[in-house]
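# Got a sequence here, can you build the structure:
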Amino acid sequence: MTRTKLKEAALRLFGQKGYDGTALSEIAKEVGVKTPAIYAFFESKEDLFMSVFEESMSVYNEYIQAMAETSKGMSTEKKLHALLVRQYDFHRNKRELAVFAFRYLLFPPDFLLDRMQEAFGRFDTMLSDIIREIMQEGLERGELAVVPIENLVDSYLTLMDGLSIQYYYYQSPELFERKLKHAFEMFWRSVSA
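Residues are numbered from 1 along each chain as shown. The predicted structure follows:
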């Protein structure tokens, strides 16, 4: 229970103040323990941070995977659109996790860059596999233009990343939803058979 509370406090504080701006003593104080108690659960500040980072990526992938599993029988167009909507839901409903992951994917602490890239690579492979499966099914059904599958996967991942950035640019849900709708319509028009 204390381990979970420490990760929750770390998520919030690292997300708000950054890695360098967050002291272990602040995390401990928020949980109601002394700073040395953190070392019973984590080797270091870096270990705590990486634990939170990997968990945020894992929760995101599980969130996306849940949509993929419930979309059996949908057309490729509907699945791909639902995936973007699911990502939007993640940003809205899991805001602390989303902000934390997004912040550190864009601006990782320099000394953690290699470890974060390795962790990101694992999770990116999982996400790419989900999208690849949808694209492969779309190719087999004749719903997608016959192009190399990696082109389809890479362009869709780029669309997801672009919309993630757009989500934080615009405070108006209506404006963001319009942008999501238009971006997906243009994407689908370019890849559909």
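# Any idea which residue is closest to the centre of the protein?
Centroid-nearest residue in the chain, with Cα atoms, centre = their mean: residue 60, separated by 4.7 Å.
# and it, what does it touch?
90, 94, 97-98, 101, 123 (Cβ atoms under 8 Å, 6 or more residues apart in numbering). Where C-beta positions appear, they are placed from N, C-alpha and C, glycine not excepted.
# what packs against the worst-scoring helix or strand of the chain on mean pLDDT?
Every helix and strand in the chain was compared by mean pLDDT, DSSP states H and E; the lowest is helix 95-106, with a mean of 88. Here helix 95-106 touches helix 2-17, helix 45-70, helix 76-93, helix 113-141, going by 3 or more Cβ pairs under 8 Å, 6 or more residues apart in numbering; DSSP states H and E.
# 7 Å - rerun?
helix 2-17, helix 45-70 (3 or more Cβ pairs under 7 Å, 6 or more residues apart in numbering; DSSP states H and E).
# okay if I get the ones you listed as JSON lines plus mean pLDDT?
Shown next, in JSON lines, are those (pLDDT from 0 to 100):
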{"stretch": "helix 2-17", "mean pLDDT": "94"}
{"stretch": "helix 45-70", "mean pLDDT": "90"}
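# any idea how far residue 80 is from residue 186?
Distance, residue 186 to residue 80, by Cβ to Cβ, to the nearest Å: 13 Å.
# now swap in residue 10 and tell me
34 Å.
# cool, and residue 24?
43 Å.
# neighbour-wise, which of those two wins?
residue 80 (25 against 19; other Cβ atoms under 10 Å).
# Could I get the contacting residues of the more buried one?
134, 156 (Cβ atoms under 7 Å, 6 or more residues apart in numbering).
# Provide a list of residue ranges in the protein with pLDDT below threshold.
By pLDDT under 70, the chain has no low-scoring segment.
# and the closest residue to residue 101 other than its chain neighbours, what does it touch?
The shortest distance from residue 101 to any non-neighbouring residue, by Cβ to Cβ, 6 or more residues apart in numbering, is to residue 56 (4.2 Å). Shown in contact with residue 56 (Cβ under 7 Å, 6+ apart): 97, 100-101.
# What of residue 11?
52, 96-97, 100.
# For it, give its distance to residue 93.
Distance of residue 11 to residue 93, given as Cβ to Cβ: 15 Å.
# do residue 161 as well
Between residue 161 and residue 93 the distance, using Cβ to Cβ, works out to 19 Å.
# For those two, indicate the residue with more neighbours.
residue 161 (13 against 10).
# Just the element for that one, please.
helix 149-169 (DSSP states H and E).
# returning to that earlier point: list the buried residues of the least confident helix or strand of the chain.
Going by neighbour count (16 or more other Cβ atoms under 10 Å), the buried part of helix 95-106 is 97-105.
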